[in-house]
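Undergrad: A predicted structure for the sequence below; I have some questions about it.
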Amino acid sequence: MDSRQKPKELYRGVTLDYNTLNRIRFYGVDLVPYYEPIIDSLGRKTDKAGNEYGVYMSDNYQMSSDVYASASDLVGVPIDKDFMIRVSGLQMMIRIPNVEVLYKIDPTNIDVHRPWITSYLEGTYHNDEWVAERVPASEYAVTRLTIGSDLLHDKENVDISNIAEAEVKVKKTIERRRQQLETLYFELKKLPVSKRYQFDKIDIEIFKDIFGDNGVKYVGYDSIDLSSGIDYIKYLIRDNWMSNSENIDFSTLRYIEAIKQKMPQNFTVDDLIKTLGTEKDLITAGKEDFIQRKKVNGELADTTNFDLRIARVSQLIDKVVNKARILNDEMYMEEEFGKVVELPKRELHRPIISESVKKAVILHDQKQKLHEMKQQILDEEQKRKEQEELIEEEYHGMSM
């Protein structure tokens with residue numbers, strides 16, 4: 001095709017930041033540049049780069065979709081341009097995401113032509129671009145609408161079957177995200193710079209669980225519907241975060257998040273209790289092995305790290321089991337009285353606790369008692385050995 005021949009179809013890919021999105025409409029109006037022209041020394045209207053001013057389009061669909069209409073989470077309007085965090089070594093701002101819009105344009109009735117490019121940029125532009133002063137609303141259609149990703153949200157493709165509703169949804173969604181990102185910003189601002197520069201990818205997942213869509217921050221403490229295993233994870237996250245909101249306990253939150261990532265899809269509270277129990281058994285076995293190795297080498301075993309880990313997972317198990325037991329007791333109360341008990345609003349849709357959960361609760365109690373008995377025996381054995389060593393030392397002292 002001759003480079004000057006008007007193509008049958010053109011495409012326009014753009015990314016709109018928060019400020020631009022709030023002052024323009026991207027559908028139902030003629031497409032025009034988003035800012036006034038800059039007049040160069042020759043009296044020509046130019047864009048910010050010094051090229052011909054106008055609405056740019058391309059005859060290359062792939063370029064329009066994958067490059068021009070592609071928003072990175074590293075761009076977008078920052079909540080605070082002077083506030084930085086570091087995630088896995090990458091320094092970044094907390095930014096409001098951009099919106100990607102891809103247009104399909106019928107140029108038949110539009111005066112389109114090849115743009116002139118400023119001299120220092122010649123050769124850097126692709127040979128697929130066209131320009132017009134404006135594109136009438138009747139000559140284009142939106143073929144893709146995507147809200148970019150940010151620290152708390154993944155990319156979201158918006159249904160465009162009703163484009164007018166889609167435009168409203170996009171603006172509401174962006175505003176909701178801005179509020180959530182701002183809430184995160186104020187929380188992280190409380191942290192010292194050293195902590196803000198030590199985040200990892202797992203911390204981003206924690207932030208999503210707390211501050212993102214359906215985040216536990218926005219859910220009443222007792223209104224989390226504990227109908228599945230993931231609901232108990234949310235309960236644990238909220239309980240920990242609320243208890244340490246002034247000094248976030250990242251260590252425990254990271255552990256809870258790591259447990260969540262180990263769980264299969266659609267896991268139950270039974271699965272969660274078993275996984276936590278297995279974690280505790282593995283840590284306990286590691287501690288005992290560590291003690292034995294130190295003993296063989298004649299060294300004192302400092303088990304502080306193991307003890308802290310065991311205490312942490314034990315606390316999580318207790319929280320899950322006790323919450324399950326409370327729900328279980330509520331069910332038994334209803335059965336015992338033989339009638340429906342009027343429960344508070346938040347309890348109306350509680351699930352019936354499965355037999356396996358009841359067994360898991362009983363098993364947990366039995367294992368806890370066995371563990372305490374075993375620890376008591378070990379403590380008594382240690383005291384006996386210490387007494388024997390003391391007697392032996394006294395005997396040697398008397399015989400000298």
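TA: Noted; the coordinates are in hand.
Undergrad: buried residues of stretch 214-221, list them for me.
TA: Gly215, Val216, Lys217 (16 or more other Cβ atoms under 10 Å). All C-beta atoms are positioned from the backbone trio N, CA, C, and that covers glycine.
Undergrad: equivalent analysis for stretch 9-23, please.
TA: Neighbour-count burial for stretch 9-23 flags Leu10, Tyr11, Arg12, Gly13, Val14, Thr15, Leu16, Asp17, Tyr18, Thr20, Leu21 (criterion: 16+ other Cβ under 10 Å).
Undergrad: quick check: the farthest pair among those?
TA: Using Cβ to Cβ, the pair of the buried residues of stretch 9-23 lying farthest apart is Leu10 and Tyr18, separated by 27.3 Å.
Undergrad: about what we covered before: any chance of the buried residues of stretch 214-221 in TSV, plus secondary structure, distance to Pro107 and pLDDT?
TA: Shown next, in TSV, are those (DSSP: H, G, I helix; E, B strand; the rest coil; distance: Cβ to Cβ, whole Å; pLDDT from 0 to 100):
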residue	secondary structure	distance to Pro107	pLDDT
Gly215	coil	46	88
Val216	helix	51	87
Lys217	helix	49	86
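Undergrad: can I get the residues you listed in CSV with distance to Val67?
TA: Shown next, in CSV, are those (distance: Cβ to Cβ, whole Å):
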residue, distance to Val67
Gly215, 33
Val216, 38
Lys217, 37
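Undergrad: where do the helices sit along the stretch 101-250 of the chain?
TA: In the stretch 101-250 of the chain, the helices defined using DSSP state H, counting those that start in this stretch lie at 163-188, 193-196, 201-211, 229-243, 250-262.
Undergrad: who does Val77 form a beta bridge with?
TA: Note on Val77: beta-bridge partners by DSSP bridges are Ile96.
Undergrad: doesn't Thr20 make contact with it?
TA: No - between Val77 and Thr20 no contact is recorded; they are 9.1 Å apart, counting by Cβ atoms under 8 Å.
Undergrad: out of the buried residues of stretch 9-23, which is nearest to Phe211?
TA: Using Cβ to Cβ, the buried residues of stretch 9-23 come closest to Phe211 at Tyr18, 17.8 Å.
Undergrad: give me every residue that touches the closest one.
TA: Tyr18 sits next to Gly76, Val77, Ile96, Asn98, Ile174, Arg178 when contact means Cβ atoms under 8 Å, 6 or more residues apart in numbering.
Undergrad: distance of the residue nearest to the last one when sequence neighbours are not counted relative to Leu74?
TA: Translated: Arg178. Leaving aside its sequence neighbours, Arg178 sits nearest to Ile96 (Cβ to Cβ, 6 or more residues apart in numbering; 5.0 Å). Per Cβ to Cβ, to the nearest Å, Ile96 is found 13 Å from Leu74.
Undergrad: of those two, who's got more company?
TA: Ile96 (20 against 10; other Cβ atoms under 10 Å).
Undergrad: quick one: what helix or strand has Leu282 in it?
TA: Applying DSSP states H and E as the criterion places Leu282 in helix 269-296.
Undergrad: show me what that helix is packed up against.
TA: In terms of contacts (3 or more Cβ pairs under 8 Å, 6 or more residues apart in numbering; DSSP states H and E), helix 269-296 is packed against helix 229-243, helix 250-262, helix 304-337, helix 355-399.
Undergrad: can you say which of the helices of the stretch 101-250 of the chain is nearest to Met57?
TA: Among the helices of the stretch 101-250 of the chain, helix 163-188 comes nearest to Met57, with 19.0 Å by Cβ to Cβ.
Undergrad: where in this protein is pLDDT low?
TA: Along the chain, the model assigns pLDDT under 70 to residues 1-4, 122-126, 220-225, 326-375, 378, 386-400.
Undergrad: most neighbours, which of the contacts of Tyr18?
TA: Within those, Asn98 tops the neighbour count with 27 neighbours, counted by other Cβ under 10 Å.
Undergrad: tell me the contacts of that one?
TA: Applying Cβ under 8 Å, 6+ apart, the residues near Asn98 are Thr15, Leu16, Asp17, Tyr18, Ala71, Val75, Gly76, Gly148.
Undergrad: ok, the fifth one touching Gly13?
TA: No - checked against Cβ under 8 Å, the pair Ala71 and Gly13 is beyond contact range at 10.3 Å.
Undergrad: give me the common contacts of these two.
TA: Glu100.
Undergrad: where does the nearest residue to Asp30 once chain neighbours are set aside fall, phi/psi-wise?
TA: Of all residues not flanking Asp30 in the chain, Arg134 sits nearest, at 4.9 Å (Cβ to Cβ, 6+ apart). Main-chain torsions, Arg134, degrees, to the nearest 10: phi -160, psi 160.
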